[in-house]
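Here is a sequence with its predicted model. Questions after.
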Amino acid sequence: MPLSFSLDTAEREVLSDLARRSIETSLSGNFTEVVLPEGVTEASHAVLFRRLGAFVTLKLQGQLRGCIGTIVSQVPLYVTVWNMAHAAAFQDPRFPALREGEWPFIDVDISVLDELTPCTNPDDIVIGRHGLLLQYRGYSGVFLPQVPVEQGWNRLEYLENLCRKAGLPIGVWKEADARLYWYEAFVFKA
């Protein structure tokens with residue numbers, strides 16, 4: 001199933017600029033609410049106003065330095081990207097807050113997520129195309145579509161590592177009361 005949205009060059013540039021400004025204003029101590037560039041309106045760029053999930057991933061010399069996102073958003077996409085960029089840089093519990101000296105060496109990726117739907121046949125999962133969410137008895141884990149590609153996982157390894165990420169035993173994804181969802185994402189460099 002193709003994505004239900006597209007992002008043209010101008011829209012990718014707006015989101016990239018917002019992600020970078022979010023981090024830069026925080027580093028300088030001047031973090032504010034998000035402000036769209038002049039001329040960007042819902043009429044001209046409707047996708048930026050859709051309530052799409054998004055993740056912002058930061059890498060320092062190819063190594064993960066922060067990644068925060070939301071699968072389902074309650075606010076417009078441009079606000080989600082602004083907030084997730086700030087969170088990836090300063091609130092990812094796996095890392096200390098980003099330091100100003102690191103910023104020039106950070107690569108930023110933005111993943112805009114399409115609708116989450118039940119995955120009824122795990123054999124149909126395509127590595128690099130489908131992101132996954134597993135929910136089971138109060139536990140959950142999620143991977144972006146690019147993660148199994150980066151890790152070199154096959155489909156089974158993808159599902160096993162999803163269980164691990166959720167803090168669950170391997171193979172739980174096969175349980176009758178486990179809920180496996182998939183989605184696609186538009187991923188680009190900011």
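Received, thanks. Numbers count the residues shown, from 1 in each chain.

First-to-last residue distance for stretch 108-126?
Stretch 108-126 has an end-to-end distance of 24 Å (criterion: CA to CA, to the nearest Å).

Mind listing what's buried along stretch 103-119?
106, 108-114, 116, 119 (16 or more other CB atoms under 10 Å). The C-beta positions use only the backbone N, C-alpha and C, and glycine is treated the same way.

Relative to A190, which of those residues is nearest.
Nearest to A190 among these is V108, at 3.8 Å by CB to CB.

The strand or helix carrying that closest one pairs with which strands, and in what direction?
When elements are assigned from DSSP states H and E, V108 belongs to strand 106-113. Strand 106-113 pairs in its sheet with strand 52-60 (antiparallel), strand 185-189 (antiparallel), by DSSP bridges.

which residues touch it?
With CB atoms under 8 Å, 6 or more residues apart in numbering as the test, strand 106-113 has contacts from 5, 7, 12, 15-16, 19-20, 23, 52-60, 62, 65, 69, 71, 77, 81, 85, 98, 131, 144-146, 183-190.

Can you tell me which of the residues you listed are buried?
By neighbour count, with 16+ other CB under 10 Å, the contacts of strand 106-113 hold 7, 12, 15-16, 19, 23, 52-58, 65, 69, 71, 77, 81, 85, 98, 131, 144-146, 183-188, 190 as buried.

between the strands paired with strand 106-113, which one is nearest to E175?
strand 52-60 (25.2 Å).

And the closest one, how far out from the chain middle?
Put simply, strand 52-60 sits 4 Å off its chain's centre (CA atoms, centre = their mean, to the nearest Å).

Repeat that for stretch 129-147.
11 Å.

same question, stretch 9-29
That offset, for stretch 9-29, works out to 15 Å (CA atoms, centre = their mean).

Please enumerate residues in contact with it?
7, 31-32, 34, 36-37, 40, 45, 47-48, 56, 77-78, 81-86, 89-90, 98, 100, 103, 106, 108, 110, 112, 188-190.

For that stretch, buried residues please.
Buried residues in stretch 9-29 (16+ other CB under 10 Å): 11-12, 14-16, 18-19, 21-23, 26-27.

what's the span of stretch 28-38 from first residue to last?
Termini of stretch 28-38 sit 23 Å apart (CA to CA).
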